Every structure is written in structure tokens, then in C-alpha cells.
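Novice: got a predicted structure plus its sequence, pasted below:
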Amino acid sequence: MTSKGLVLLVDDEPNIRETISFILEMEGYEVKTAVNGRDGLARIRELRPRVVLLDAMMPEMDGFEVCRMVRADAELASTTIIMLTAMGQKVDRERAEAVGVDHYLTKPFDDEEVLGLLEAAFGR
């Protein structure tokens, strides 16, 4: 089976990584993971995924900083970043928008909404 595309999932919670990976793989996506922000940034640079699902609060480097650094790199700036986070306050959304997050979803999120955003990002 041909992959619909590569998605990098960056989240420090193993259960979240397993659940999201399973859902996306069942839908035909190739999923790679990273366990913290620093690892996530390194994997983005290495893999050049079209889409990154990014948690906000993680050890070593938070998702906001990862996004800021991706946006500052001309070779990575077009990466679609979907932030998946438990942080639902207006100030959190504004901070995400300020660093260039494309879509901001709060946990628990709707699987269909995530899949719809992926389909759009991959041009389907």
C-alpha cells in the first residue's frame, strides 16, 4: 500500500503517540515520532515531513519554540504545523498564532478534524 504522506508526531506522552500513530497509520499515513521538542526539531530537519503534529508543552523545548525555529528556517518554513495541546486559553492560541502554527487543536480532539486537516495539507 502506498503511503498518503509522511507525518511527524512530536509528543512526550507515549499513550498519545501510540493512539495518534495508530489512527493515522490505519488511514494510510506514514508516521514517525519524536518524544520532546529538541528531538522533534532534529527529526523535522532530518525527515522534512509535509506535516508536523506538535504538542505545546514538552521537556527540553516546547512546541512554540520548535515552531518558531521551523518558521525561521527557509528550507522548513512551508511545513504545515498542527499543534495538539491541552492548553485551550485564548493567550495560548494567540501565542501559537504568533509563532506561525497553522492549526491549533485542543485535547481531546476530534480524529476526523485531524484527518481533514491532513487531507488538506497533502492536497486531497
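Specialist: That came through fine.

Novice: longest helix in this protein, please.
Specialist: helix 14-26 (DSSP state H).

Novice: show the subsequent helix or strand relative to that helix.
Specialist: Next in sequence after helix 14-26, counting helices and strands by DSSP states H and E, comes strand 30-34.

Novice: flag every buried residue along that following strand.
Specialist: Judged by neighbour count using 16 or more other Cβ atoms under 10 Å, the buried positions of strand 30-34 are 31-34. In short, each C-beta sits where N, CA and C put it, glycine included.

Novice: what about the residue nearest the centre of the chain, which helix or strand?
Specialist: The centroid of the chain falls nearest to Leu53 when counting by Cα atoms, centre = their mean (1.4 Å). Leu53 belongs to strand 51-54 when elements are defined using DSSP H and E.

Novice: ok, that strand: who's next to it in the sheet?
Specialist: According to DSSP bridges, strand 51-54 forms sheet pairs with strand 6-10 (parallel), strand 80-85 (parallel).

Novice: comparing these, which yields the minimum mean pLDDT?
Specialist: Of all the strands paired with strand 51-54, mean pLDDT reaches its minimum on strand 80-85 (a mean of 94).

Novice: if we can go back for a sec, helices or strands up against the longest helix of the chain?
Specialist: strand 6-10, strand 30-34, helix 111-121 (3 or more Cβ pairs under 8 Å, 6 or more residues apart in numbering; DSSP states H and E).
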